[in-house]
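[1] Let me see the structure of the following:
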Amino acid sequence: MPSVADAIGRTPNEILNNPVVDISSWHFFQASSWIDYAKRSQSPSAIHYAAFELRYGIEYLLFELLVLANKNLTQTEYEKCLGDPKKMKKMLSTLGTNYYRLSEFSEMALSIDSSGIKLRFWDINELFRFWGTASIYLHFVGAHSLTYKDTNWLIKVIIYLLQQRDESERKGMRFSDYFLASRFLALLA
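    Residues are numbered from 1 along each chain as shown. The predicted structure follows:
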């Protein structure tokens, strides 16, 4: 899986033809590529593509966390939360091993040995906040004269999305961590 830096400078054709990898970080890489393209080209469509990939990546990451937290997850239980992230959030805290408790326990156990492995435990509420941020740009955003054709609107949207990314990094949820976590999850599969 390429690094976040590899997402910079790609063309739409390179983004669209990027071979699919069956882990959430692939979608985060695609989202990073589209937002970079939006910055460079001021293309409103690229914002929508970035939002789609970000939201899809978050849903995929939540699914990966659900599988980690409950190795006895059934197809029926999984299907209950398809297309409904709120149900998935509830399942993360009620089915099998509670994700929140698992991450708390693991952090305490790993803190005993300072030379031990460093794992990233996702703040589920923050993931849902980002899911909501992405969702805004998947729906009608207003008349083109006030949005798409207005350079100020486009710049504000790009700045807003970059500020959201920067805020996530201040809270310890770095986009680069998605790539690392997904590599780890792929090893567990």
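[2] is it true that Glu107 touches Phe121?
    Yes. Using Cβ atoms under 8 Å, Glu107 is in contact with Phe121, at 6.3 Å. No exception for glycine: its C-beta is placed from N, CA and C like everyone else's.
[3] Among the two, which residue is more densely surrounded?
    Phe121 (17 against 11; other Cβ atoms under 10 Å).
[4] Find the nearest non-adjacent residue to the more buried one, please.
    Distance criterion Cβ to Cβ, 6 or more residues apart in numbering; nearest residue to Phe121, sequence neighbours excluded, is Ser103 at 3.7 Å.
[5] And the pLDDT at that neighbour?
    Ser103 carries a pLDDT value of 72.
[6] Not counting sequence-adjacent ones, nearest residue to Ile8?
    Asp36 (5.2 Å).
[7] check contacts around that neighbour.
    Applying Cβ atoms under 8 Å, 6 or more residues apart in numbering to Asp36 gives the contacts Ala7, Ile8, Gly9, Arg10.
[8] Only the buried residues of the helix or strand hosting it, if you could.
    Element membership of Asp36, judged by DSSP states H and E, is helix 24-41. By neighbour count on 16 or more other Cβ atoms under 10 Å, the buried set for helix 24-41 is 24-39.
[9] which of the residues you listed lies closest to Phe128?
    Among those, Ser24 lies closest to Phe128 (Cβ to Cβ), at 14.7 Å.
[10] just checking, that closest one touches Leu61?
    Yes. Counting by Cβ under 8 Å, Leu61 is a contact partner of Ser24 at 4.0 Å.
[11] hang on, the earlier thing: what about the residue nearest to Phe121, how many neighbours?
    Neighbours around Ser103, by other Cβ under 10 Å: 19.
[12] And for Tyr160?
    Neighbours around Tyr160, by other Cβ under 10 Å: 13.
[13] The strand or helix carrying it: which residues count as buried?
    Assessed by DSSP H and E, Tyr160 sits inside helix 151-170. Buried residues in helix 151-170, counting neighbours by 16+ other Cβ under 10 Å, are found at Trp153, Leu154, Val157, Ile158, Leu161, Arg165, Ser168.
[14] Switch the residues you listed over to a markdown table; also include pLDDT and distance to Ser93.
    Formatted as a markdown table, the buried residues of helix 151-170 follow (pLDDT from 0 to 100; distance: Cβ to Cβ, whole Å):
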| residue | pLDDT | distance to Ser93 |
| --- | --- | --- |
| Trp153 | 86 | 38 |
| Leu154 | 84 | 38 |
| Val157 | 84 | 33 |
| Ile158 | 82 | 34 |
| Leu161 | 78 | 29 |
| Arg165 | 70 | 26 |
| Ser168 | 69 | 21 |
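[15] where's Tyr56, which helix or strand?
    Here Tyr56 is assigned to helix 44-69, by DSSP H and E.
[16] quick check: angle from that helix to helix 151-170?
    For helix 44-69 against helix 151-170, the angle by axes from the mean of the first three to the mean of the last three Cα atoms, to 10 degrees is 20 degrees.
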